[in-house]
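> fold the stuff below for me.
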Amino acid sequence: MFRVLRTLGLAFGVLAGIVGAQGPEFAQQYGQRLAGTVDELRRVVAGFEADATATGHTRDSAIARLRGDPDALVARRGAAARADLDRLAGLTARQAALETAGGPLGRLAALIRDPDLGLARATYEDYRPAIPTTADGLVAGFLGFLAAWAGWRVLCDLGRRLFRRRASAVTA
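Residues are numbered from 1 along each chain as shown. Sure thing, here's the model as predicted:
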């Protein structure tokens, strides 16, 4: 009976290893989506800055002028420009954190520490599992396997000890 449980533990460990290996792949796909979003926001901000310069304004003075305009549409465009600038700053910081993350699971840790929830949700919706071929994926897969297999073994050993105590209590 316990051999069957050990085999189940091994299978559970392999399954957990496969699932665990998907973490770095998700971080990689998130990083790609993040880079595309940063590139597009930079394009939008550069266009806004070019318009501000062409009309004799700095970026901040142009935003202040737009936001202070009595026309609601113009004021909303000023607020949107400020939001784009703030979002670009936040996403650029996240991108730098992903790029400078060290260690075998650094990108995944950087993603978990400070994700952009909208981008993470969109990445999850489009996520396609992949076979890990990077060191990060292999390490994450091995750690997932090890954690699940070891946890299963501990539970089986505890179950066996409880079973033996009950059996010895019944015979005594």
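> not counting sequence-adjacent ones, nearest residue to residue 26?
Computed as CB to CB, 6 or more residues apart in numbering, the closest residue to residue 26 that is not its neighbour in sequence is residue 127, at 6.1 Å. No exception for glycine: its C-beta is placed from N, CA and C like everyone else's.
> what does residue 62 give?
residue 52 (3.6 Å).
> and residue 46, what's its pLDDT?
Residue 46 is assigned a predicted lDDT (pLDDT) of 96.
> that one and residue 39: what is the separation?
Per CB to CB, to the nearest Å, residue 46 is found 11 Å from residue 39.
> same question, residue 51
19 Å.
> so what does the helix or strand containing residue 52 touch, helix or strand wise?
Per DSSP states H and E: residue 52 is located in helix 22-54. Packing partners of helix 22-54 (3 or more CB pairs under 8 Å, 6 or more residues apart in numbering; DSSP states H and E): helix 59-68, helix 72-100, helix 106-113, helix 117-126, helix 135-171.
> and residue 32, which of the ones you listed is closest to it?
Nearest to residue 32, of all these, is helix 117-126, at 8.5 Å by CB to CB.
> list the buried ones in the closest one?
Using 16 or more other CB atoms under 10 Å as the test for burial, helix 117-126 gives 119, 120, 123.
> these two touch, right, the first one and residue 35?
No. With contact defined as CB atoms under 8 Å, residue 119 does not count as touching residue 35 (10.5 Å).
> how is this structure partitioned into domains?
Here the domain parsing of the chain from automatic domain parsing is 1-21+135-167, 27-130.
> ranking those domains by mean pLDDT, which is last?
Among the domains of the chain, domain 1-21+135-167 scores lowest, with a mean of 81.
> rewinding a little: next one: the residue nearest to residue 62 from residue 134, what distance?
Residue 52 is 43 Å from residue 134, by CB to CB.
> who has more neighbours out of those two?
residue 52 (19 against 15; other CB atoms under 10 Å).
> check whether that one really touches residue 59, as I assumed.
Yes. Counting by CB under 8 Å, residue 59 is a contact partner of residue 52 at 5.4 Å.
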